[in-house]
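S.K.: sequence first, predicted coordinates after that:
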Number of protein chains: 2
Amino acid sequence: MAESSKPVLYSYFRSSCSWRVRIALALKGIDYETVPINLVKDGGQQFSEEFQATNPMKQVPAMKIDGITISQSLAIIEYLEETRPTPRLLPQDLKKRASVRMISDLIASGIQPLQNLSILKQVGQENHLAWAQKVISSGFTALEKILQSTAGKYCVGDEVSMADLCLVPQVANAERYKVDLTPYPTISHINKTLLALEAFQVTHPCRQPDTPPELRA
Amino acid sequence: MAESSKPVLYSYFRSSCSWRVRIALALKGIDYETVPINLVKDGGQQFSEEFQATNPMKQVPAMKIDGITISQSLAIIEYLEETRPTPRLLPQDLKKRASVRMISDLIASGIQPLQNLSILKQVGQENHLAWAQKVISSGFTALEKILQSTAGKYCVGDEVSMADLCLVPQVANAERYKVDLTPYPTISHINKTLLALEAFQVTHPCRQPDTPPELRA
């Protein structure tokens, strides 16, 4: 691969963790190159030796930026925040920052890993949907409660933050797994508000370079 | 519960995520009060209404500090770092900070959630050990590779960081689930070095206020 000064994002259109990073890049107006890693084709391109050299965890996203390689979506977003602080994705107020990170981690550690592709494979095809619905509903019940005290227009107050970058892709997963969202009016409302923003639209799974034609919108 | 100016940590002696926070508090010399939440007694005290009001995710750790309640161990540690910066748990160098967060998230999102109590319950008693061994080994294989390029004396260079606070409790879980650590010499070596530090010893699961007598050491 040729050396490039542009950051490179290893991404899969449908990966909710990749989407988080794409939104951060879009909001901050960072120009980048996408290298699609198809998680299902060829038995999973994330398992290729070439990609494992980039991310030994065999997961997307991973990012090459400023001469280093970072994996784990929130670590990437925190690095972008520290090196490209405008517009900020963490509030100035330290207590609000704590709320943003708490909500982000609730999704990134408490929900998403339990319903990702590799776990669903181990759970077995027949239990797939019930398992995903259970872990997402359980997490959303807690999140709905927390948002009732932190949310303004968005997850924490009226500024878009890292928490919102986690929320929207997780709601998309919930919809994909047919989770009933009726019990989560705060989550649903914030999600709808965020989806009206350009940065969430241009980074949507249905509009990526690797989105299959039949799923494009 | 009486108002207190001391931070309150809701903790379980054996919870690896609680241990992460205990180490941060010890390193920073923060005096705190422990409220033990027994995750197995009474069907799990984390499910009590009282505790759910503190953390709707029904998990430890949670912390009451400076008038707010924070859950999610890394969010708590980041808040402690921002409000009580000495000694620092994130390096000054931004690229090293990214490595610290990447390793922390690899453990906190990529390993621990897949082997925690609630998931193991769903997997079933007979598959328990094999499941835990598989997810820990898979994560450790990646981590070992990453540490080969980031580690000095500790996970990232020669300063104790948030990554180390995640490493030691995860190795303890690995040992509990009888994971063969031979393939991970870097992890094993760093773990041993860290366990010699007082902050890791006084916060160890075998020395907590809620450690049962037969497990004390």
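M.R.: That came through fine.

S.K.: what comes up buried for the lowest-mean-pLDDT helix or strand in chain A?
M.R.: Taking mean pLDDT, DSSP states H and E as the measure, chain A has helix A:117-123 as its least confident helix or strand, at a mean of 81. By neighbour count with 16 or more other Cβ atoms under 10 Å in any protein chain shown, helix A:117-123 contains the buried residues A:119, A:120, A:123. Where you see a C-beta, it was placed from the backbone N, CA and C, and this is true even at glycine.

S.K.: so which of those residues is the closest to chain B?
M.R.: Of all the buried residues of helix A:117-123, chain B sits closest to residue A:119, with 6.6 Å by Cβ to the nearest Cβ.

S.K.: number of nearby residues for the closest residue to the closest one other than its chain neighbours?
M.R.: Excluding its sequence neighbours, the residue lying closest to residue A:119 (Cβ to Cβ, 6 or more residues apart in numbering or on different chains) is residue B:114, at 6.6 Å. Using other Cβ atoms under 10 Å in any protein chain shown, residue B:114 is surrounded by 23 other residues.

S.K.: I'd assumed residue B:123 was in contact with residue B:114.
M.R.: No - in this structure, residue B:114 is not within contact of residue B:123 by Cβ atoms under 8 Å, at 9.8 Å.

S.K.: what sits in contact with each of these two?
M.R.: With contacts defined as Cβ atoms under 8 Å, 6 or more residues apart in numbering or on different chains, no residue is adjacent to both residue B:114 and residue B:123.

S.K.: quick one: the helix or strand harbouring residue A:99 to helix B:94-110, angle?
M.R.: Counting by DSSP states H and E, the element that carries residue A:99 is helix A:94-110. Orientation check (axes from the mean of the first three to the mean of the last three Cα atoms, to 10 degrees): helix A:94-110 against helix B:94-110 gives 50 degrees.

S.K.: hmm, helix A:94-110 touching chain B?
M.R.: Yes - interface with chain B: helix A:94-110 contributes A:94-95, A:97-99, A:101-102, A:104-106, A:108-110 (Cβ under 8 Å from any Cβ of the partner chain).

S.K.: likewise for stretch A:65-83?
M.R.: Yes - using Cβ under 8 Å from any Cβ, stretch A:65-83 reaches chain B at A:66-68, A:70-76, A:78-79, A:82-83.

S.K.: go on, stretch A:39-46?
M.R.: No - using Cβ under 8 Å from any Cβ, stretch A:39-46 stays clear of chain B, coming no nearer than 11.5 Å.

S.K.: out of the residues of helix A:94-110 next to chain B, which end up buried?
M.R.: Applying 16+ other Cβ under 10 Å to the residues of helix A:94-110 next to chain B, the neighbour count classes A:95, A:97, A:98, A:99, A:101, A:102, A:104, A:105, A:106, A:108, A:109, A:110 as buried.

S.K.: which SS class is the nearest residue to residue A:135 once chain neighbours are set aside?
M.R.: Residue nearest to residue A:135 in three dimensions, not counting chain neighbours: residue A:114, with 4.1 Å by Cβ to Cβ, 6+ apart. Three-state assignment for residue A:114 (DSSP: H, G, I helix; E, B strand; the rest coil): helix.

S.K.: then residue A:70?
M.R.: Secondary structure state of residue A:70, per three-state DSSP, is strand.

S.K.: list the beta-bridge partners for it.
M.R.: Beta-bridge partners of residue A:70, counted by DSSP bridges, are residue A:63.

S.K.: strands along chain A, start to end?
M.R.: For chain A, the strands defined by DSSP state E cover A:8-11, A:33-36, A:62-65, A:68-71.

S.K.: dump these into JSON lines; add mean neighbour count and mean pLDDT as well.
M.R.: Listed next are those as JSON lines, based on neighbours: other Cβ atoms under 10 Å in any protein chain shown; pLDDT from 0 to 100:
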{"stretch": "strand A:8-11", "mean neighbour count": "22", "mean pLDDT": "98"}
{"stretch": "strand A:33-36", "mean neighbour count": "16", "mean pLDDT": "97"}
{"stretch": "strand A:62-65", "mean neighbour count": "24", "mean pLDDT": "98"}
{"stretch": "strand A:68-71", "mean neighbour count": "21", "mean pLDDT": "98"}
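
S.K.: now those strands as TSV including distance to residue B:194?
M.R.: As requested, the strands of chain A are exported to TSV (distance: least, Cβ to Cβ, whole Å):
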stretch	distance to residue B:194
strand A:8-11	31
strand A:33-36	36
strand A:62-65	27
strand A:68-71	23
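
S.K.: domain assignment for chain A?
M.R.: Per automatic domain parsing, the structural domains of chain A span A:8-87, A:94-200.

S.K.: just put these in JSON lines and tack on distance to residue B:211.
M.R.: As requested, these are exported to JSON lines (distance: least, Cβ to Cβ, whole Å):
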{"stretch": "domain A:8-87", "distance to residue B:211": "32"}
{"stretch": "domain A:94-200", "distance to residue B:211": "25"}
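
S.K.: any chance you could list what contacts the longest helix along chain A?
M.R.: Secondary structure assigned by DSSP state H gives helix A:128-150 as the longest helix of chain A. For helix A:128-150, contacts defined as Cβ under 8 Å, 6+ apart pick out A:96, A:99, A:102-103, A:106-107, A:110-111, A:114-115, A:119-120, A:123, A:155-157, A:170, A:173-174, A:177-181, A:183-187, A:190, B:55-58, B:122.

S.K.: so which bits of it are buried?
M.R.: Buried residues in helix A:128-150, counted by 16+ other Cβ under 10 Å: A:131-147, A:150.

S.K.: same thing with stretch A:19-37?
M.R.: Neighbour count says stretch A:19-37 has A:19-28, A:32, A:34-37 buried, by 16+ other Cβ under 10 Å.

S.K.: out of those residues, list just those in helices.
M.R.: Among the buried residues of stretch A:19-37, the residues falling in helices (DSSP H) are A:19, A:20, A:21, A:22, A:23, A:24, A:25, A:26, A:27.

S.K.: and the nearest residue to the fourth one once chain neighbours are set aside, what does it touch?
M.R.: For residue A:22, the nearest residue in space outside its immediate sequence neighbours is residue A:203; the separation is 3.7 Å by Cβ to Cβ, 6+ apart. Contacts of residue A:203 were listed using Cβ under 8 Å, 6+ apart, and they are A:19, A:22, A:23, A:25, A:26.
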